[in-house]
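Undergrad: Here is the input, now give the coordinates:
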Amino acid sequence: MNISLIGMMGSGKTTIARILSKNLPGFVFIDTDSLIITNEKRTINEIFEKNGENYFRKIESEILKNVLKNDNQIISTGGGIIKSVDNLRLLKENSVVFYLKASPDTLYERVKNNKERPLLNVEAMREKIIILLDERENFYQKAHHIIITDNKTPDIIVNEILKEINKYDRS
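TA: Here you go, the predicted structure:
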């Protein structure tokens, strides 16, 4: 069994995935963005600047396919991974998918000082978050489970996910 976390930049996917992996013996933490950085030997900003978003999405899909060949993983995905119908299908077929849902205001507060997010390196960041969320929401909603993260600590979010995971047979 794999557990995948999807959602916008700043929704808490990486933080929650790390904590989950410590709470589920035998599971390992995987971050698809970190794997892309390692494989490409450059930052996501550099990939976007030099090769563009389409190239990044292609690499992201290849990484995801390789990751999903394994089992017992907590997978933190990039915010736009669900833009590909194939990626969303692969995630749903090979993992239990949780959408970490946060309001635009919460997302803005969490990412406003982060310059490592190429799609948000714009003057009107709050407005860009709203646009991206609007474009992606229908895809995010296809997750097996939706966890609202606004005004919740990571421990509360992790406990909500663990409660759902315990309903699955992990044999």
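
Undergrad: Give me the neighbour count for Ser84.
TA: Close neighbours of Ser84, defined as other CB atoms under 10 Å, add up to 17. Heads up, the C-betas are built off the backbone N, CA and C, glycines and all.

Undergrad: what's the answer for Thr38, then?
TA: Neighbours of Thr38 (other CB under 10 Å): 11.

Undergrad: what's near enough to touch it?
TA: Taking CB atoms under 8 Å, 6 or more residues apart in numbering, we find Thr38 in contact with no residue.

Undergrad: Make sure it is indeed in a helix.
TA: Yes - under DSSP: H, G, I helix; E, B strand; the rest coil, Thr38 sits within a helix.

Undergrad: State the distance from the nearest residue to Val97 once chain neighbours are set aside to Lys101.
TA: The shortest distance from Val97 to any non-neighbouring residue, by CB to CB, 6 or more residues apart in numbering, is to Ala143 (4.3 Å). Distance from Ala143 to Lys101, counting by CB to CB, to the nearest Å: 9 Å.

Undergrad: quick one, longest helix in the chain?
TA: If you go by DSSP state H, the chain has its longest helix at helix 44-67.

Undergrad: So which other helices or strands are in contact with that one?
TA: Contact here means 3 or more CB pairs under 8 Å, 6 or more residues apart in numbering; DSSP states H and E; on that basis helix 44-67 packs against helix 32-40, helix 85-94.

Undergrad: Compute the inter-axis angle for that helix and helix 32-40.
TA: Put simply, helix 44-67 runs at 100 degrees to helix 32-40, going by axes from the mean of the first three to the mean of the last three CA atoms, to 10 degrees.

Undergrad: coming back round to it: got a pLDDT number for the residue nearest to Val97?
TA: For Ala143, the pLDDT comes out at 96.

Undergrad: same question, the one 10 residues further on
TA: You'll see Thr153 listed with a pLDDT of 95.

Undergrad: what does Asn114 give?
TA: Listed pLDDT for Asn114 reads 66.
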